[in-house]
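K.L.:
model this:
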Amino acid sequence: IKVGGHITQIGIISGDEARLSILSVLAKQVTIKGVIVASRQDQIDYVNALEGMNQKPVVDRLFRYQDLAEAFAWQQSGSHFGKICVEW
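P.N.:
Predicted coordinates:
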């Protein structure tokens, strides 16, 4: 996630614990927001609707694994919009 980015957790379908690096959250000044939906069934319906929309992630750049250092530098620059992918 980029500096000043946002993470939004929309409800919980299963499990109630997550692991994340609090140091990364602090260093990147990330905002974390939780959203509860009306009911479990509403949430399941929402997730199913999203899956049915055939949405694709936005890929900013694709790097070869030999260029992993360049991929990390690109992420650190904060210039990307979307996912940074590494091809193995």
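K.L.:
how long is stretch 32-51 end to end?
P.N.:
Taking C-alpha to C-alpha, to the nearest Å, stretch 32-51 runs 23 Å from one end to the other.
K.L.:
and it, average pLDDT?
P.N.:
Averaged across stretch 32-51, pLDDT comes to 80.
K.L.:
hang on, F72 in a helix?
P.N.:
Yes - the assignment for F72, made by DSSP: H, G, I helix; E, B strand; the rest coil, places it in a helix.
K.L.:
Near it, how many other residues are there?
P.N.:
Around F72 there are 13 other residues, counting by other C-beta atoms under 10 Å. From N, CA and C alone the C-beta is placed, and that goes for glycine too.
K.L.:
pLDDT score assigned to it?
P.N.:
In this prediction, F72 has a pLDDT value of 92.
K.L.:
what about stretch 25-42, distance to the chain center?
P.N.:
Centroid separation for stretch 25-42 versus its chain: 11 Å, with C-alpha atoms, centre = their mean, to the nearest Å.
K.L.:
which residues sit against that stretch?
P.N.:
1-11, 13, 24, 43, 46 (C-beta atoms under 8 Å, 6 or more residues apart in numbering).
K.L.:
Now list the buried members of the residues you listed.
P.N.:
G11, Q43 (16 or more other C-beta atoms under 10 Å).
K.L.:
for the contacts of stretch 25-42, which one is nearest P57?
P.N.:
I1 (13.7 Å; C-beta to C-beta).
K.L.:
okay, now the closest residue to that closest one other than its chain neighbours: neighbour count?
P.N.:
Among residues not flanking I1 along the chain, V30 sits closest, at 5.8 Å (C-beta to C-beta, 6 or more residues apart in numbering). For V30, the count of nearby residues is 17 (other C-beta under 10 Å).
K.L.:
how close does V30 sit to S79?
P.N.:
From V30 across to S79, the span is 18 Å (C-beta to C-beta, to the nearest Å).
K.L.:
No further queries at this time; thank you.
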